[in-house]
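Engineer: what's the 3D shape of this:
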Amino acid sequence: MNCCGSTRSRSTNFPSTPQTRAAVLFEYTGKTALSIVGPGSRSAYRFDYPGARVFVDRRDAVYFAHLPVLRRVI
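Structural biologist: The predicted model follows:
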């Protein structure tokens, strides 16, 4: 027997992350690591090492494409 019954509502508030939105893959070409906050989504991104690939929210993709240490992966 459930204490809450079957009227328990389900959450429909999902985080706005690259996994739930259209995302663009970027590769880091720098020498160390890079942490950056996307100006469109305000999401934090972390490239841990040279060659690391991270999915970026499409709202941040234009900005990231202008950074010389990031390369869009097709």
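
Engineer: make it CA atoms for all contacts and neighbour counts henceforth
Structural biologist: Will do.

Engineer: which element is residue 60 on?
Structural biologist: helix 58-65 (DSSP states H and E).

Engineer: Where does the prediction get shaky in this protein?
Structural biologist: Counting by pLDDT under 70, the chain contains low-confidence ranges at 1-21.

Engineer: For the chain, which segments are assigned as strands?
Structural biologist: Counting by DSSP state E, one finds strands in the chain at the ranges 23-28, 34-37, 44-47, 53-57, 70-72.

Engineer: Could you name the helices and strands sitting against the shortest one?
Structural biologist: When you say that, I think you mean strand 70-72. Judged by 3 or more C-alpha pairs under 8 Å, 6 or more residues apart in numbering; DSSP states H and E, the packing partners of strand 70-72 are strand 23-28, helix 58-65.

Engineer: centre of the chain versus the last one, how much separation?
Structural biologist: Relative to its chain's centre, helix 58-65 lies at 11 Å (C-alpha atoms, centre = their mean, to the nearest Å).

Engineer: any idea of the angle it forms with strand 53-57?
Structural biologist: 130 degrees (axes from the mean of the first three to the mean of the last three C-alpha atoms, to 10 degrees).

Engineer: Please spell out which residues along helix 58-65 are buried.
Structural biologist: Residues of helix 58-65 classed as buried by neighbour count (16 or more other C-alpha atoms under 10 Å): 58, 59, 60, 61, 64.

Engineer: Please list all residues in contact with the residue nearest to the fourth one when sequence neighbours are not counted.
Structural biologist: Which is residue 61. Closest residue in space to residue 61, ignoring its immediate chain neighbours: residue 24 at 6.6 Å, by C-alpha to C-alpha, 6 or more residues apart in numbering. Going by C-alpha atoms under 8 Å, 6 or more residues apart in numbering, residue 24 touches 55, 56, 57, 58, 61, 72, 73.

Engineer: Can you go through those residues and name the buried ones?
Structural biologist: Neighbour-count burial (16+ other C-alpha under 10 Å) is assigned, among those, to 55, 56, 57, 58, 61, 72.
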